[in-house]
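K.L.:
sharing a model that was predicted from the sequence below.
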Amino acid sequence: MMEFVHVAVAVLGLLSLGHSAPVTSCENLIQPLEIYRSQLLGKWVLQGESTSIPGSKILVQMVMENTWVKITAASEADTFNNLQIQKTMGKCFTRKTNMTLVNNTLTVELPFQNSAVLLNTGCPDCLVIFANNTVGRTTVKDLQLLSRRTKVSAAELEEFTKQAECLNLQPPAIMDLEKGLCPDPSLTPETNFTDVTTHTISSDELSLLEELLSSEDGVKTLFDMIQRSMASVKQD
């Protein structure tokens, strides 16, 4: 059950990247961009996230405080190392994944198949990532806004909200960055991190997650499950 809870939260925060003048029409907002290897590298702070799962916004706002990711170049051409650091109910989680860039598409194979493109944005230091996450026969669409800054403007969040609407996704959850990000694990080895890199999720588990997120009572049930699991981790 603990692995399912970890992955349930990761699905909502995973991933888990050209810029232009401000864009307002759906045609411009959902236009894919050419991806350059150099533009991906560095530290990115998740500002907001929208998915195709009903109820995901409520759960993210109750559970996931904030997330940032560090992208570095791997030894192979057009391959990257992703380190995701997520704060969930005051506890820090890490996940490492490998990402490849082929034909202007970013692909991650584990913990589930993820195929993503970058979308147009008027934010000068942002990445807007639109991904399809596939587990078995289930596909979850995910839209993320990341920035070099720890906080973007209200206008930039409004543009991102419009992008989610254009893609028929749920209203985005906005990250709580006032509570502070988890530190870089490589710089603070004394910090207690929980690594969820090897945790996976089955199609049946994702179906259960979707079922729980489809109603207010289901979201509360999942929230209670996460609270109990987090409490057990603290006791251990």
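P.N.:
All right, it came through fine. All values derive from a computational prediction rather than experimental measurement.
K.L.:
count of neighbours near Gln61?
P.N.:
By the criterion of other CB atoms under 10 Å, Gln61 has 13 neighbours. For the C-beta atoms, the positions are set from N, CA and C on the backbone; glycine is no exception.
K.L.:
wait, it touches Ala173, no?
P.N.:
Yes. If you go by CB atoms under 8 Å, Gln61 and Ala173 touch, sitting 5.2 Å apart.
K.L.:
pull up the pairing partners for the biggest strand by length in the chain, direction included.
P.N.:
Taking DSSP state E as the criterion, the chain has its longest strand at strand 91-102. Strand 91-102 has the following sheet partners, assigned by DSSP bridges: strand 79-88 (antiparallel), strand 105-108 (antiparallel), strand 193-195 (parallel).
K.L.:
out of these, nearest to Gly218?
P.N.:
With CB to CB as the measure, strand 79-88 is the member of the strands paired with strand 91-102 nearest Gly218 (18.9 Å).
K.L.:
just the C-alphas of the closest one, formatted as PDB.
P.N.:
The C-alpha trace of strand 79-88 is given here as PDB (Å, rounded to 0.1, in the frame of the first residue of the first chain):
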ATOM      1  CA  THR A  79      19.800  11.600 -23.100                       C
ATOM      2  CA  PHE A  80      19.200  13.400 -19.700                       C
ATOM      3  CA  ASN A  81      19.300  12.500 -16.000                       C
ATOM      4  CA  ASN A  82      16.300  13.800 -14.100                       C
ATOM      5  CA  LEU A  83      16.300  14.200 -10.300                       C
ATOM      6  CA  GLN A  84      12.900  15.100  -8.900                       C
ATOM      7  CA  ILE A  85      12.600  16.400  -5.400                       C
ATOM      8  CA  GLN A  86       9.100  16.600  -4.000                       C
ATOM      9  CA  LYS A  87       7.800  17.900  -0.600                       C
ATOM     10  CA  THR A  88       4.700  15.900   0.500                       C
END
